[in-house]
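Visitor: Let me see the structure of the following:
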Amino acid sequence: MEIKIIEERENPILNRREVKFVVEHDGPTPSRKSVIDKIAATMNSKVGLVMVDSLKSEFGKRETMGYAKIYESEERAKEVERAYVVARNVPAPAAGTEE
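Guide: Numbering: from 1, shown residues only. Sure, this is the predicted structure:
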């Protein structure tokens with residue numbers, strides 16, 4: 001799986017970077033979690049700060065277009081983003097850590 005950044009834009013009002021990208025892959029469409037991990041590594045960010053808004057694949061192509069937002073802090077991400085988007089993108093805590 002390889003990610004190419006098509007467009008990167010700074011949004012100072014919302015304290016985030018907005019990124020359009022293409023994921024080139026062999027086999028099935030990659031999972032949202034693997035895309036988030038790869039974008040966080042590529043853009044020098046943390047996994048909890050990357051919110052993938054959309055992933056769109058076309059039949060027969062081995063590439064997926066996507067749009068992500070990279071926030072400066074987790075608090076700001078939770079203030080701005082809708083609850084279901086945060087739930088979709090933030091990794092769930094491990095089952096054994098709750099007490």
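Visitor: Provide a list of residues in contact with the most centrally placed residue in the chain.
Guide: Closest residue to the average C-alpha location of the chain: residue 52 at 3.2 Å, with Cα atoms, centre = their mean. For residue 52, the contacting residues are 32, 35, 36, 39, 66, 67, 68, 88, 89, by Cβ atoms under 8 Å, 6 or more residues apart in numbering. Every residue, glycine included, has its C-beta placed from N, CA and C.
Visitor: Does the nearest residue to it once chain neighbours are set aside lie in a helix or a strand, and which?
Guide: In this structure, residue 52 finds its nearest non-sequential neighbour in residue 68, 4.7 Å apart by Cβ to Cβ, 6 or more residues apart in numbering. Assigned by DSSP states H and E, residue 68 belongs to strand 63-71.
Visitor: For beta bridges, what are the partners of residue 50?
Guide: Under DSSP bridges, the beta-bridge partners of residue 50 are residue 70.
Visitor: That one: neighbour count?
Guide: Using other Cβ atoms under 10 Å, residue 50 has 25 other residues around it.
Visitor: now do residue 51
Guide: By other Cβ under 10 Å, neighbour count at residue 51 equals 22.
Visitor: tell me the contacts of the closest residue to residue 14 other than its chain neighbours?
Guide: Nearest-residue entry for residue 14: residue 80, 5.5 Å, with adjacent residues in sequence omitted and distances by Cβ to Cβ, 6+ apart. Applying Cβ under 8 Å, 6+ apart, we find residue 80 in contact with 14, 16, 71.
Visitor: before we move on, back to that, mind giving me the packing neighbours of the strand holding residue 68?
Guide: Strand 63-71 sits against strand 16-24, helix 32-42, strand 50-57, helix 74-80, with contacts defined as 3 or more Cβ pairs under 8 Å, 6 or more residues apart in numbering; DSSP states H and E.
Visitor: Any idea how far it is from the middle of the chain?
Guide: Offset of strand 63-71 from its chain centre (Cα atoms, centre = their mean, to the nearest Å): 6 Å.
Visitor: contact partners of it?
Guide: Contacts with strand 63-71, where a contact means Cβ under 8 Å, 6+ apart, come from 15-25, 29-30, 35-36, 39, 43, 45, 49-57, 77, 80-81.
Visitor: now swap in stretch 32-45 and tell me
Guide: With Cβ under 8 Å, 6+ apart as the criterion, stretch 32-45 contacts 1, 3, 5, 17, 19, 21, 23, 46-47, 49-50, 52, 55, 66, 68, 70, 88-89, 91.
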